[in-house]
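>>> Here is my input; please provide its structure:
(one chain, ligands or ions: 1)
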Amino acid sequence: MTLTPLVYWAQRHAEIYLRVALTDAQNIDINIHEKVLQFRAQGHGAKGQNEYEFNLEFLLPVKPEVIYRSTERQVNITVRKEQRGWWERLSLQERKPVFLAPDFDRWLDDYKTGFLFVYNLVQFLGFSWIFVNMTVRLFMFGKGSLYDTFHTISDVMFFCQILAAAEVFNAAFGIVRTGVIPTLIQVVGRNFILFIIFGSVEEMHSQPVVFFVFYLWSAIEIFRYPFYMLGCFNTEWKILTWLRYTVWIPLYPLGVIAEAVAVIQSIPIFDDTKLFSIPLPKAVGTSVSFSYFLHAYLILMFLGLFINFRYLYKQRKRRFSTKKRKAN
Ligand SMILES: CCCCCCCCCCCCC[C@@H](O)CC(=O)SCCNC(=O)CCNC(=O)[C@H](O)C(C)(C)COP(=O)(O)OP(=O)(O)OC[C@H]1O[C@@H](n2cnc3c(N)ncnc32)[C@H](O)[C@@H]1OP(=O)(O)O
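Numbers count the residues shown, from 1 in each chain. I've put the predicted structure just below:
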């Protein structure tokens, strides 16, 4: 009796992927003749160590060449479609063959890539708008543009930075291979400045420091997000990779200095307005000013700078040493 292995499948516009569940497959024989793929191999499948085979007639024409790779756990097969397009099903016969099942891991991978691509695109567009808008206004209005950055830019910055919270979840749930702590430091750090120091204190809105903080933030993101977008398709542009892993070297310390200036400028305002101060019992008769927290935060900022600078330095080293190894 012929034994049939379990076969998982997925498709892209140009290709079909089959994953044959056979461990340690040997004597693999795969060929395609007139839309029909014939597979035969020895390996360990659902019915133990045996010879397994299946025939699969595709819905539409495919190219006759087959690319396959046998791993310890499975045989991965790639077949190229004759014409690009989305097939409504895999096999010619309407009833799905019993040995065939959708490869959810690969479908999930595709959704993940799609989600990341759209996310990075939206962030890239947002930060490009911010960067270009600020540059143009600087050329048009000179120093005057420094004073109304918050009014002209903050809505888009709020949008992008709220969205950036997704990066913490992406890291935490393993959607991207990123450190959770550096991402958390980055997102919480920026949002603290944006929402608490700038957003909640009206006197800060017209300070030139807003310009420097927003400009430094967006100057890195216009390289980082397109770098990730290309990464979604396993592609890279060397110059973009270099910029993504180099521009932060001057920008990060400058960004932290600009943020620290903003915090220092806001301290007397928090003292005067008592905003966010913690009232103490009537017997004591005073309140604890939020500025105490801000003094502590200033120290935290430089700790955060140290952690992230070290992290980004390691990422840079890893990226460029991998590239060298690949090139050899
Ligand atoms: C715990 C509570 C904390 C309280 C903290 C209080 C202290 C606050 C101090 C804060 C200081 C912040 C200052 C800061 O705001 C100032 C500035 O930003 S100035 C401007 C310059 N800034 C920068 O250069 C930083 C930019 N940001 C980043 O680089 C990231 O946010 C960071 C997390 C720091 C590092 O990025 P990441 O870990 O993602 O490194 P990689 O880029 O190398 O990526 C690693 C791999 O993951 C893939 N990846 C990551 N994200 C995506 C994505 N969105 N889409 C697709 N792929 C993604 C990436 O491709 C890498 O994969 P591979 O290795 O396979 O290439």
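
>>> C-alpha only now, for contacts and for neighbours.
Noted.

>>> Tell me the residues of the stretch 101-250 of the chain that contact the ligand?
Within the stretch 101-250 of the chain, the residues that sit near the ligand (Cα under 6 Å from any ligand atom) are 116, 120, 176-179, 182-186, 188-190, 216-217, 220, 228, 231-232, 248.

>>> So which of these are in strands?
In strands, judged by DSSP state E, none of these are found.

>>> Show me what counts as buried in stretch 11-24.
Gln11, Glu15, Ile16, Tyr17, Leu18, Arg19, Val20, Ala21, Leu22, Thr23, Asp24 (16 or more other Cα atoms under 10 Å).

>>> Just give the nearest non-adjacent residue to the first one, would you?
So that's Gln11. Once flanking residues are discounted, Gln11 sits nearest to Tyr17: 5.9 Å by Cα to Cα, 6 or more residues apart in numbering.

>>> tell me the SS of the one you found?
When classified by DSSP: H, G, I helix; E, B strand; the rest coil, Tyr17 comes out as strand.

>>> follow-up on the earlier one: show me which of the residues of the stretch 101-250 of the chain next to the ligand are buried.
116, 120, 176, 182-186, 188-190, 216-217, 220, 228, 231-232, 248.

>>> Next, check these against the helices and list the overlap.
116, 120, 182-186, 188-190, 216-217, 220, 228, 231-232, 248 (DSSP state H).

>>> per-residue pLDDT, Ala283?
For Ala283, the pLDDT comes out at 75.

>>> you'd agree it is in a strand?
No - using three-state DSSP, the assignment for Ala283 is coil, not a strand.

>>> for it, phi and psi?
With angles defined as degrees, to the nearest 10, Ala283 sits at phi -60, psi -40.

>>> what does Pro279 give?
phi -70, psi 140.

>>> cool, and Val36?
phi -110, psi 120.

>>> try Arg69
Torsion angles, degrees, to the nearest 10, at Arg69: phi -140, psi 130.

>>> The closest residue in space to it that isn't next to it in sequence in helix, strand or coil?
Computed as Cα to Cα, 6+ apart, the closest residue to Arg69 that is not its neighbour in sequence is Asn76, at 5.2 Å. Counting by three-state DSSP, the backbone at Asn76 sits in strand.

>>> My read is that Asn76 contacts Phe39, right?
No - counting by Cα atoms under 8 Å, Asn76 sits too far from Phe39 to count as a contact (11.8 Å).

>>> give me the number of residues near Leu275?
14 (other Cα atoms under 10 Å).

>>> ok, now Ile299?
Residue neighbour count, defined by other Cα under 10 Å, stands at 12 for Ile299.

>>> so which helix or strand takes in it?
helix 290-327 (DSSP states H and E).

>>> ok, how many other residues are close to Lys35?
19.

>>> How confident was the prediction at it?
We have a pLDDT of 93 for Lys35.

>>> what does Phe159 give?
Phe159 is given a pLDDT of 98.

>>> Give me the contacts around the one helix or strand it maps to.
In this assignment (DSSP H and E), Phe159 forms part of helix 149-163. Under the criterion Cα atoms under 8 Å, 6 or more residues apart in numbering, residues 123, 126-127, 130, 134, 187, 190-191, 194, 205-206, 208, 210-211, 214 lie in contact with helix 149-163.

>>> rerun that using 10 Å as the cut-off
Applying Cα atoms under 10 Å, 6 or more residues apart in numbering, the contact partners of helix 149-163 are 119, 122-127, 129-131, 133-134, 137-138, 145, 148, 164, 187-188, 190-191, 194-195, 198-199, 204-212, 214-215, 217-218.

>>> Give the ChimeraX command for selecting the buried subset of the residues you listed.
The buried residues among the contacts of helix 149-163 can be selected in ChimeraX (16+ other Cα under 10 Å) with this line:
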select :119,123,124,125,126,127,129,130,131,134,137,138,145,148,164,187,188,190,191,194,198,199,204,205,206,207,208,209,210,211,212,214,215,217,218
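
>>> Quick one: mark the members of the contacts of helix 149-163 that sit in helices.
Per DSSP H, the contacts of helix 149-163 map to helices at 119, 122-127, 129-131, 133-134, 137-138, 187-188, 190-191, 209-212, 214-215, 217-218.
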